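[1] 3D, please:
(2 chains)
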Amino acid sequence: MRRVRETAELEAERLRRLTRQEIELNLRGGLRELRAFAADLAIRSAEERIREALTGDRHARLIDLSIERLGRLRDEKPSAH
Amino acid sequence: MKNQALIDRYAEGLVLALADDADYARVEGELKGLCRLFDENKDLRRALSSPLLATGRKAEIVRDVLDRLALSDKTRRFVLLLMEHGRLGLLTDILDVLPAAWSAKQGIVSYEVTSAVPLDEVRKRRLAAELERLEGSPVRLTFGLDASVLGGLRVRKGNLVYDASIKGSLERLREHIMEG
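    The predicted structure is shown next:
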């Protein structure tokens, strides 16, 4: 009888551990998805606002800033494509 | 998926065999003509890409086409080499990188510049001067427009991209948010 109870307790503990792991996994996945959704929303909204705000002068200024930044290329890490 | 390293290797190999600008222009023109021929001739394209046709027979067809077009020896040898290696399908991609490979042979570094709006001549010259200063050698710039960069510039040298565009900054911000 004691043996049966011990086995049942072990099994219950195993199930509790598995459930905890599954909940943690789901929670982490959910957070990842939520972060991706928030990032996508923020970036899209920023893109729209920037697009609306860009005038000819601002484009020219941004290009000037890019040229200045490219002038400091040696200090920056390029991305490989 | 494109094997860019392989494409670059064939282009570099070809330009090594070219003597001067006239030689380059002739071979590039002939290869472009050949590409057009393959593009326009559906039967020829189908025959050359058919798995049912033996490689030897395909080579015969290509040789026959080359004979009829009376192409220069360098073009002919290059196309036959591609054919023998089973890489004729790379010809269009090789042609895309050929100008950069030719420039590189002459010590000129090629950059592709992408912006949302066209650059005026003053800014083109400033950019070229800045990149020449960095490279310590002449640069050749090709300019393209892409509204998705939003603002600023994205420059590409070979497979390296220096992204100084607004889009690039936003993508870095996205990565930052994702990392939490």
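
[2] how many neighbours does residue 11 have?
    Defaulting to chain A. The local packing count at residue A:11 equals 10, with neighbours defined by other Cβ atoms under 10 Å in any protein chain shown. Placement of C-beta: from N, CA and C, glycine included.

[3] um, chain B though
    23.

[4] low-scoring stretches of chain B, by residue?
    Within chain B, the stretches falling below the threshold (pLDDT under 70) are B:1.

[5] after the longest helix seen in it, which helix or strand is next? Please name it.
    Here the longest helix in chain B is taken by residue count, with DSSP state H as the criterion, and it is helix B:21-40. Under the assignment DSSP states H and E, the closest C-terminal helix or strand after helix B:21-40 is helix B:42-49.

[6] can I get the CA coordinates of the one helix or strand residue B:144 maps to in PDB?
    Counting by DSSP H and E, the element that carries residue B:144 is strand B:139-145. These are the backbone C-alpha positions of strand B:139-145, laid out as PDB (Å, rounded to 0.1, in the frame of the first residue of the first chain):
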ATOM      1  CA  VAL B 139      35.300  54.200 -56.400                       C
ATOM      2  CA  ARG B 140      32.500  53.600 -58.900                       C
ATOM      3  CA  LEU B 141      29.000  54.400 -57.700                       C
ATOM      4  CA  THR B 142      25.700  53.100 -59.100                       C
ATOM      5  CA  PHE B 143      22.600  54.800 -57.800                       C
ATOM      6  CA  GLY B 144      19.200  53.200 -57.300                       C
ATOM      7  CA  LEU B 145      15.900  54.400 -55.800                       C
END
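
[7] who's in contact with it?
    B:99-100, B:103, B:108-119, B:124, B:127-128, B:131-132 (Cβ atoms under 8 Å, 6 or more residues apart in numbering or on different chains).

[8] residues from chain B in reach of chain A?
    Within chain B, the residues that sit near chain A (Cβ under 8 Å from any Cβ of the partner chain) are B:115-117, B:119-120, B:123, B:126-127, B:130-131, B:133-134, B:150-153, B:155-157, B:159-167, B:170-171, B:173-174, B:177-178, B:180.
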